[in-house]
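*Asks:* next comes the sequence, and after it the predicted model I'd like to discuss.
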Amino acid sequence: QVQLVESGGGLVQPGGSLRLSCAASGNIFSVNTMGWYRQAPGKQRDLVADISSGGSTNYANSVKGRFTISRDNAKNTVYLQMNSLKPEDTAVYYCNADRIYHTHTAYSTNYWGRGTQVTVSS
């Protein structure tokens, strides 16, 4: 079994910062791309940023220059540093792992965490 557990959400004022963490645990040999998605009330879940196992990153246009994604492969953990937060960043943030290898060849796909709430408000 594999679990993704997010932490670091909370309430912050506009212009503030938060750092989200997501740790994958369980039967893991390696993890491919990990990413952060977010879903605001009444809206679809959208990609915020993702990072490959080699460190290549991809960001939504709305967060470029403000958010930074990083990972620690030894800890199977991905981070999202969020700066200059805006009220429109308010959402539940979900961690995703697109492919988790349990051995050299055996893998499972599309794991999600339960989400962490980020609220940006004065």
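*Replies:* That came through fine.
*Asks:* who does the lengthiest strand in the chain pair up with?
*Replies:* Counting residues, the longest strand found in the chain (DSSP state E) is strand 91-101. Neighbouring strands of strand 91-101 in its sheet, by DSSP bridges, are strand 30-31 (antiparallel), strand 34-39 (antiparallel), strand 107-112 (antiparallel), strand 116-120 (antiparallel).
*Asks:* mind listing residues that contact stretch 92-102?
*Replies:* Applying Cβ atoms under 8 Å, 6 or more residues apart in numbering, the external contacts of stretch 92-102 come out as 2, 4, 6, 9, 20, 22, 24, 27-40, 45, 48, 50, 78, 80, 107-118. Yep, even glycine has a C-beta here, placed from its N, CA and C like the rest.
*Asks:* show me what contacts the spatially most central residue of the chain?
*Replies:* Closest to where the C-alpha atoms of the chain average out (Cα atoms, centre = their mean) is residue 36, at 2.7 Å. By Cβ under 8 Å, 6+ apart, the contact list for residue 36 reads 20, 22, 47-50, 69, 78, 80, 93-96.
*Asks:* which of the residues you listed count as buried?
*Replies:* Taking 16 or more other Cβ atoms under 10 Å as the criterion, what is buried in these is 20, 22, 48-50, 69, 78, 80, 93-96.
*Asks:* pull the contacting residues for the closest residue to residue 75 other than its chain neighbours.
*Replies:* Residue nearest to residue 75 in three dimensions, not counting chain neighbours: residue 23, with 6.8 Å by Cβ to Cβ, 6 or more residues apart in numbering. Contact analysis of residue 23 by Cβ under 8 Å, 6+ apart lists 4-5, 7, 75-77.
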